[in-house]
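1. Okay, sequence plus prediction incoming.
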Amino acid sequence: MENKERIAYIFLLLVLIAILLCTCATKTAIEENAILKEQVYKKRILADSSTIYSQSVNIKTKDIEISELKKMAVKSPEVVIQTQTKTVIKTEIKLDTIMVEGTPMIKLPKDFYKTEKWFTLSGKINRLGFLQIDSLVSYANLTYAIGDTLRTGAFNKLFGKRDKVVRLLVDNPNMSITGMRNIVIKEKKRWYETSAFKFGLGVITGIGMTRAMQ
């Protein structure tokens, strides 16, 4: 009878170990798929014409290589955020003219200058009629924030299921984000450091202690 119980106990241990290994492998595959999945961002325009860009956080392990970090001489980064921007400025500049035989003419060379909240533009039109822009300066505040957001759905809200997101606030309405990529770098856990393994080890230890006490 004791041999049968011992065999059953060993079989239970093997089943639990197999389940743990499968769980770890599945979790790793899911994380890899999440990394490879193309990320998109959501855009929300506020009342003051500023724009909030939101994107789910991409989690990768510490051993990744990001070529841009070599240029920046940054070691062991925790968060990497890459953005591509486009700025489109549309404006009009009124130039003083003189009347020549009833026709408005511009006396060359002619300097021009215009400044607004989001840009400053200066230059001149030379004697040959070429437009020369000496300075074009665009102003913007880019504010990044990384935090948690609740998932949609009653079940997720009930159990407080959250996803990490990065949000970028751009206050200049002339500037738009054309690409966005963010990475949170974490230490890669070994299979025996995962929560599934610890849980399974606790179950096995509890069964073993119960058997020993009997």
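-> Alright, I've got the coordinates.
2. Can you point out the buried residues in stretch 174-183?
-> Buried residues in stretch 174-183, counted by 16 or more other Cβ atoms under 10 Å: 174-175, 177, 180, 182-183. Using the backbone N, CA and C atoms, a C-beta is placed for each residue, glycine as well.
3. just checking, which of those belong to strands?
-> Residues of those located in strands (DSSP state E): 175, 177, 180, 182-183.
4. would you list the residues you listed in TSV and tack on distance to residue 148 and pLDDT?
-> Listed next are those as TSV, based on distance: Cβ to Cβ, whole Å; pLDDT from 0 to 100:
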residue	distance to residue 148	pLDDT
175	27	94
177	22	91
180	19	85
182	14	81
183	17	79
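5. give me the number of residues near residue 119?
-> By other Cβ atoms under 10 Å, the residues close to residue 119 number 17.
6. confidence score at the closest residue to it other than its chain neighbours?
-> Distances taken as Cβ to Cβ, 6 or more residues apart in numbering place residue 138 nearest to residue 119, at 4.9 Å, with adjacent residues excluded. Per-residue confidence (pLDDT) for residue 138: 94.
7. hang on, isn't residue 138 packed against residue 87?
-> Yes: Residue 138 lies in contact with residue 87 (Cβ atoms under 8 Å); the separation is 5.2 Å.
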